[in-house]
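1. compute the structure for the input listed below.
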Amino acid sequence: MGHQSSAKLGEDKVTRNHKHLRCVDGGWSEYGNFNEWSACSVTCGKGTKSHERTRYCTEPEPQFGGKDCEGNEVDIQTESCDMLDCPADGGWSEYGNFNEWSACSVTCGKGTKSHERTRYCTEPEPQFGGKDCKGNEVDIQTESCDMLDCPVDGGWSEYGNFNEWSACSVTCGEGTKSHERTRSCTKPEPQFGGKDCEGSEIDIQTESCDMLDCPEFECTSDGLFADPNDCTKFIQCANKIKYGMSCPSTTHWEQTKGYCDHGDDCK
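-> Predicted coordinates for the structure are as follows:
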């Protein structure tokens, strides 16, 4: 019990001593030097940089319940800083109006026509290494257009089959025979001012034909006589000598008239 009383008496003594001490409020020291400026807050354009200095609440330190220092321990100063101009990417302007429609791409048949409008990479223009605008400067619109029907030139069909051979052109001796085949200008037919097919519609093939030997004409009297083998020729007999004669072009021998005449009776 005695020991406890001594301890309590000591504590009371200390408490009494504190009550007689004055509170010491904290006081700031002088600021130190500013540190180095920071890097600019941006890599391009306008930004800020800063540096700072520090003071401490040590002159004096707050004691015996005194107040802490008021204010900031750190003093920060800032300044503006200008870096290189920032890259500015290009931006498109609004499109202008469409121009007039072009002429049709063809003068006949089906074609296309177009008109266009333009925009510009000026809002803003690319600067300081900025990117160009993406996309096309020109917007083209197309439409179909129908003109007059185009001329269609005619084209030949395939030939048909040959018809039968004709009779030989002579009844005796050596003559010719023929047969023919036909094609038509229908693949396609000429239309809308197109050209007709060139060439012949009929293909004629001829061959020689040998008939029986013709009887020899004998002069029994003088005069002019029809050639028994060719109506465009005649025979002149003089002193029982035979002379072969030919009528002028486009005529034939008329025995009843005794001369070469025009007409279509040559058979």
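
2. Three-state assignment for residue 96, please.
-> coil (DSSP: H, G, I helix; E, B strand; the rest coil).

3. what about it, how many residues nearby?
-> Here the number of neighbours of residue 96 (other Cβ atoms under 10 Å) works out to 12. In short, each C-beta sits where N, CA and C put it, glycine included.

4. does it really touch residue 119, like I thought?
-> Yes - between residue 96 and residue 119 a contact is recorded at 7.1 Å, counting by Cβ atoms under 8 Å.

5. once you drop chain neighbours, what's closest to residue 79?
-> Ranked by Cβ to Cβ, 6 or more residues apart in numbering and with sequence neighbours excluded, the top spatial neighbour of residue 79 is residue 49, at 5.7 Å.

6. OK, contacts around that neighbour?
-> With contacts defined as Cβ atoms under 8 Å, 6 or more residues apart in numbering, the neighbours of residue 49 are 37, 38, 39, 40, 41, 78, 79, 81.

7. state the pLDDT value of it.
-> In this prediction, residue 49 carries a pLDDT score of 95.

8. my hunch is that it is in a strand, does that hold up?
-> Yes - counting by three-state DSSP, residue 49 is found in a strand.

9. in PyMOL, select just the buried ones from the contacts of residue 49.
-> Burial among the contacts of residue 49 is assessed by 16 or more other Cβ atoms under 10 Å; the matching PyMOL selection reads:
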select buried, resi 40+81
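
10. what about the residue nearest to residue 79, distance to residue 259?
-> 134 Å (Cβ to Cβ, to the nearest Å).

11. and residue 14, what's its pLDDT?
-> You'll see residue 14 listed with a pLDDT of 45.

12. what helix or strand is the closest residue to residue 50 other than its chain neighbours on?
-> In space, and not counting its chain neighbours, residue 50 is closest to residue 78: 4.5 Å by Cβ to Cβ, 6+ apart. Here residue 78 sits within strand 74-82, counting by DSSP states H and E.

13. show me where the chain has helices.
-> Secondary structure of the chain (DSSP state H): helices at 2-19.

14. what's the domain layout of it?
-> 88-150, 153-214, 223-261 (automatic domain parsing).

15. for residue 180, give me its contacts.
-> 162, 163, 202, 203, 204, 205.
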